[in-house]
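Peer 1: show me how the following folds:
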Amino acid sequence: MIISSLQKKRNDVEIFFEDGSKISLDYHVVVDNGIHKNDFLSEDKIKYLINRSELNKIKNQAFRFLSLRNHSSHELKLKLIKKKYPRELIDDAINQLREKDFINDREFAKQYIEEKVNKKRSGFYKLKAELNKKGIERELIEELLSGLDSKISLDNAFNLAKKKYDQLIQKKNDHRKLKQKIFSFLASKGFETDIILSVLDQLKFHPEEES
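Peer 2: Just a heads-up that it's a prediction; the model follows:
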């Protein structure tokens with residue numbers, strides 16, 4: 001088909017053909033492919049240009065998500081699917097962003113672990129479950145969590161437990177129930193049993209009330 005005119009609208013270009021039909025393409029696709037008035041575009045060429053335009057829109061949307069915060073590949077894919085883009089093009093976009101290192105699941109997971117350990121004070125099991133939910137590969141999760149400093153985990157668990165202890169002790173809980181509640185609280189934060197037991201040993205319970 002012969003192009004009769006082109007009209008730019010924001011980030012798109014409307015292309016009008018001599019038969020009265022029109023298509024809308026991404027501006028960069030038009031420029032990169034050197035599209036001009038009076039050019040002839042075959043049906044295959046038009047399909048290709050529309051495909052590239054849609055791919056650019058997907059990548060632009062991905063960049064908008066990434067500008068707000070870092071995402072794993074899986075998270076980003078789910079958000080793009082919700083936007084109802086074609087799944088095969090979403091996969092293409094994700095792969096291209098991964099190749100250019102705009103998406104890096106290893107770096108995402110490392111930053112996520114660091115933030116959760118230092119700010120949220122999450123434990124091993126909770127981190128493992130959350131990273132798995134975000135689509136991080138099991139082998140990578142195991143590798144990164146194996147390097148988690150046990151002393152930091154112990155300190156985090158103790159600080160959380162001490163704060164919880166100070167809250168619960170004001171409600172006159174007996175110390176057996178107090179220990180049970182703190183154990184459950186730390187378990188809900190994802191800490192391992194041996195760390196929880198170590199923390200309970202460190203807390204100053206009154207011996208006469210533990211019998």
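
Peer 1: the longest helix along the chain - what's its average pLDDT?
Peer 2: The single longest helix within the chain, with elements called by DSSP state H, is helix 43-68. Model confidence over helix 43-68 averages 94 on the pLDDT scale.

Peer 1: beyond that helix, next helix or strand please.
Peer 2: Read in the C-terminal direction, the helix or strand following helix 43-68 is helix 73-82, with elements assigned using DSSP states H and E.

Peer 1: how about that next one: buried residues?
Peer 2: Within helix 73-82, the residues that count as buried by 16 or more other CB atoms under 10 Å are Ser73, His74, Glu75, Leu76, Lys77, Leu80. Backbone N, C-alpha and C define where each C-beta goes, glycine included.

Peer 1: that one packs against which elements?
Peer 2: helix 43-68, helix 87-99 (3 or more CB pairs under 8 Å, 6 or more residues apart in numbering; DSSP states H and E).

Peer 1: do that again at 6 Å, thanks
Peer 2: Contact analysis of helix 73-82 by 3 or more CB pairs under 6 Å, 6 or more residues apart in numbering; DSSP states H and E lists helix 87-99 as its packing neighbours.

Peer 1: tilt between the next helix or strand after the helix it packs on and helix 73-82?
Peer 2: Proceeding N to C from helix 87-99, the next assigned helix or strand is helix 105-115, under DSSP H and E. Following axes from the mean of the first three to the mean of the last three CA atoms, to 10 degrees, one obtains 100 degrees for the angle between helix 105-115 and helix 73-82.

Peer 1: so how far is helix 105-115 from its chain's centroid?
Peer 2: Helix 105-115 sits 10 Å away from the centroid of its parent chain (CA atoms, centre = their mean, to the nearest Å).

Peer 1: pLDDT below threshold where in the chain?
Peer 2: 120, 149, 172-173, 204-211 (pLDDT under 70).

Peer 1: report the central residue of this structure.
Peer 2: Among the residues of the chain, the one closest to the centroid is His71, at 3.1 Å (CA atoms, centre = their mean).

Peer 1: so who does that residue touch?
Peer 2: Applying CB atoms under 6 Å, 6 or more residues apart in numbering to His71 gives the contacts Phe65.

Peer 1: so how far is Arg138 from it?
Peer 2: Between His71 and Arg138 the distance is 19 Å, computed by CB to CB, to the nearest Å.

Peer 1: ok, Leu154 next?
Peer 2: Computed with CB to CB, the distance linking Leu154 and Arg138 is 25 Å.

Peer 1: so between these two, which is more surrounded?
Peer 2: When Leu154 and Arg138 are compared for neighbours, Leu154 comes out ahead with 18 against 10, by other CB atoms under 10 Å.

Peer 1: now the element after the helix or strand where the more buried one lies, going C-ward?
Peer 2: Element membership of Leu154 [criterion: DSSP H and E] is helix 150-169. Moving toward the C-terminus from helix 150-169, the first helix or strand encountered (DSSP H and E) is helix 175-188.

Peer 1: what's that following helix packed up against?
Peer 2: With contacts defined as 3+ CB pairs under 6 Å, 6+ apart, the secondary structure elements packing on helix 175-188 are helix 150-169, helix 193-202.
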